[in-house]
Structure formats: C-alpha cells, structure tokens
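J.: below is the structure, and that's it, no one-letter string:
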C-alpha cells in the first residue's frame, strides 16, 4: 500500500503553487506498465482497500469536477486483491454494464460493508450474493451477463491496473495511461489539479 496523506491534509488548500513538478518525485513514468488511455485520468482501485475508500469519499468527487473540459475519468477495479477480489470485481463489472446507478450502488455497498461495518464474507458465493442484492440484480441476470464478451473485456481492461498497483500500491491515479501521480507528495487539491493538468499536456 502507498502511504497516503490524510484526508484532511489533501482537502486543505495551502495556496501552494506548483511551479514545477519533477518526474520521480511528483510522478512516475509507468513505462512497460502503461496502458492506452489518451486524454483520460484513471483511478486503479479495489473495494478491499481502505485507502481507496477514503479517496472515493473525500478526494475523487471534487477532483473529477475540476478536470479540464474534454478529459474523461474512469476507474479500474483490479481482480487480484484478496479476499474474493475476482468475484467482487465481476459483480461490479456486471453492474457497470447494466447501468451507472447499479455500478455505484454495488461499489459503495462493498466499501461500506467491508470498511464501515467491518464485516467479512464467508465465501465467494457470499461475496457475490451480497453485491447482487445491494445493486438489485437477480441471479439470472448476473449469470446471463458475467461471461459475456462485454464483461470479460471490461475485467481485462481493469486488470491493466495490476502492473500499476505493483509500482506504488492503490489507489493509483494515472494520467493518459502513462503517468502515475505520487499522491504522498500532494499537499492540496490545487496541487493535484495542477499536476494533473500538466501531465495531460505531456
């Protein structure tokens, strides 16, 4: 896991002007771990990650709103983080295919269950059924979608984030599929916005 700055710290605006950012300090060129995502900011995450949950609530909403016009935002839920990472990711992927509302509901239900309620799933089946119930997806619909080319392609796309996660952990914020922001150097939302804008131009 990367060492994240506190939620309070990242929300503070210190007025720090990011006159220059340095590769290796403020961001990393992903090299072979890069993926094809031009003009996009991507968050790599897992609902099993407590730091990802903190970012989801306190950082991402404002960050997305501040992205330059024409820049898209996406989130890649990796399947490899235990427990039951693949099962949870599959439920979330099916939910995303069915609709944005169901996607957000399933994702946030998992986050709350694991990190707020401090509850664990007893089996893969338990993890799947919980997510489906939260998103109001019946088992027949899930079975009909989980092995489709659309869902498989989505999971394959998301797992491009596995190599990224090995660099500094998750959550990971990637710009243009090439540059990984070193979040522990970020001291304000303004700094995060400025660094992102600079990397989008590279």
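T.: Perfect, I can see it now. None of the values given here were measured: they were computed from a predicted structure.
J.: and this structure, what are its domain boundaries?
T.: 1-9+24-78+165-202, 82-158 (automatic domain parsing).
J.: and the strands in this protein?
T.: Ranges of strands in the chain, per DSSP state E, are 27-29, 40-45, 72-77, 172-175, 179-181.
J.: ok so, going back, okay if I get the domains of the chain as a markdown table plus mean pLDDT and mean neighbour count?
T.: Any C-beta I mention is one placed from the backbone N, CA and C, and that applies to glycine too. Output for those, formatted as a markdown table (pLDDT from 0 to 100; neighbours: other Cβ atoms under 10 Å):
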| stretch | mean pLDDT | mean neighbour count |
| --- | --- | --- |
| domain 1-9+24-78+165-202 | 91 | 18 |
| domain 82-158 | 98 | 17 |
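J.: so the top helix by length along the chain versus strand 72-77, what angle?
T.: Counting by DSSP state H, the longest helix found in the chain is helix 85-98. Relative orientation of helix 85-98 versus strand 72-77 (axes from the mean of the first three to the mean of the last three Cα atoms, to 10 degrees): 150 degrees.
J.: which strands or helices does helix 85-98 pack on?
T.: Packing partners of helix 85-98 (3 or more Cβ pairs under 8 Å, 6 or more residues apart in numbering; DSSP states H and E): strand 72-77, helix 100-111, helix 124-135, helix 139-145, helix 149-158.
J.: let me have those in JSON lines, extended by distance to residue 168.
T.: Shown next, in JSON lines, are those (distance: least, Cβ to Cβ, whole Å):
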{"stretch": "strand 72-77", "distance to residue 168": "15"}
{"stretch": "helix 100-111", "distance to residue 168": "21"}
{"stretch": "helix 124-135", "distance to residue 168": "27"}
{"stretch": "helix 139-145", "distance to residue 168": "33"}
{"stretch": "helix 149-158", "distance to residue 168": "18"}
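J.: figure out which of those is closest to residue 57.
T.: helix 100-111 (8.4 Å; Cβ to Cβ).
J.: rewinding a little: for residue 177, find the nearest of the helices and strands packed on helix 85-98.
T.: strand 72-77 (10.1 Å).
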